[in-house]
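Undergrad: Sequence isn't available, so here's the structure alone:
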Ligand SMILES: Nc1ncnc2c1ncn2[C@@H]1O[C@H](COP(=O)(O)OP(=O)(O)O)[C@@H](O)[C@H]1O
Ligand SMILES: [Mg+2]
């Protein structure tokens, strides 16, 4: 009998190596970081590689941003999401306005669309935007736990994104960090008058993963490119 966990490769070679093969199938991973760290890009690369390299369908749910703007952005990377949508390999749901009163019906709609599309990979960008109309922590907790339950029911391998303000060293709202299976932290750090990108896998349930810091860059076509983090930083 084998206790090997089935892995879902991200398609980013170095990241898959750090994760010992990829995300555990059916897991939920939080990507946390400040503005411009490449959270959206990392999640899109996961979906793009899923569709192109591994024949896995992907669904992207974005808030406060249009699918059109996002597709323009991915074209600069050489990733054609219009084509993938046309081929029914990717589905993008965008919600430009997230109102407190409409949260429940919005979540029902996301669930229905996901059931009928039945993706293997799912991304929510971001939990921060989704819960922005909520002021009280207990309300945020309820919405996040509903999302968590929906993702578990769908059974796809998911990435959820949390946006932390510039200069703030946190991972999320203080709720999602504890219910997700994995956490990847992305940072922009000033080093000798320059901003350097730094990545670490903070948590990954059921997986032996490396605990080192890595430096990464964002390169057209290749996306996230990871190298060892120099000791001198
Ligand atoms: N074509 C490109 N070539 C190189 N870097 C890019 C390109 N497009 C975007 N980037 C980098 O990616 C960053 C945006 O990444 P994004 O995933 O939107 O960040 P986040 O979602 O964390 O705010 C930009 O600030 C820029 O540094
Ligand atoms: Mg983003």
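TA: Received, thanks. None of these values were measured; they are calculated from a predicted model. Numbers count the residues shown, from 1 in each chain. Ligands and ions are numbered 1, 2, ... in the order given.
Undergrad: There's contact between residue 90 and residue 47 in this structure, I believe.
TA: Yes: at 6.0 Å, residue 90 counts as touching residue 47 under the criterion of Cβ atoms under 8 Å. For glycine as for every other residue, the C-beta is placed from the backbone atoms N, C-alpha and C.
Undergrad: Can you list the buried residues in stretch 104-122?
TA: 106, 107, 110, 111, 114, 117, 119, 120, 121, 122 (16 or more other Cβ atoms under 10 Å).
Undergrad: residues making contact with that stretch?
TA: With Cβ atoms under 8 Å, 6 or more residues apart in numbering as the test, stretch 104-122 has contacts from 8, 46-47, 50, 56-61, 91, 93, 95, 98, 143, 146-147, 150-151, 153-154, 156-159.
Undergrad: still on that earlier bit, which neighbours do residue 90 and residue 47 share?
TA: With contacts defined as Cβ under 8 Å, 6+ apart, the residues shared by residue 90 and residue 47 are 58, 59, 60.
Undergrad: any idea which of those residues is closest to ligand 1?
TA: Nearest to ligand 1 among these is residue 60, at 12.4 Å by Cβ to the nearest ligand atom.
Undergrad: So the closest one sits against residue 47, correct?
TA: Yes: using Cβ under 8 Å, residue 60 is in contact with residue 47, at 6.0 Å.
Undergrad: more crowded one of the two?
TA: The neighbour comparison of residue 60 against residue 47 (other Cβ atoms under 10 Å) goes to residue 47, with 28 against 25.
Undergrad: which residues sit against the strand or helix carrying that one?
TA: For residue 47, the element it lies in under DSSP states H and E is helix 39-53. Residues outside helix 39-53 that contact it (Cβ under 8 Å, 6+ apart): 8-12, 31-33, 56-60, 70, 73-74, 77, 79, 81, 84, 89-90, 120-121, 123, 125-126, 159, 161, 163, 184, 186, 218, 223-224.
Undergrad: so which of the buried residues of stretch 104-122 would you say is closest to residue 132?
TA: Nearest to residue 132 among these: residue 106, at 12.9 Å, using Cβ to Cβ.
Undergrad: quick revisit: sheet partners, orientation included, of the following helix or strand past the helix holding residue 47?
TA: The C-terminal neighbour of helix 39-53 among helices and strands, as given by DSSP H and E, is strand 58-63. The pairing partners recorded for strand 58-63 under DSSP bridges are strand 90-95 (parallel), strand 121-125 (parallel).
Undergrad: which of those strands sits most buried?
TA: Compared across those, strand 121-125 shows the largest average neighbour count, a mean of 26 (mean count of other Cβ atoms under 10 Å).
Undergrad: All set now, cheers.
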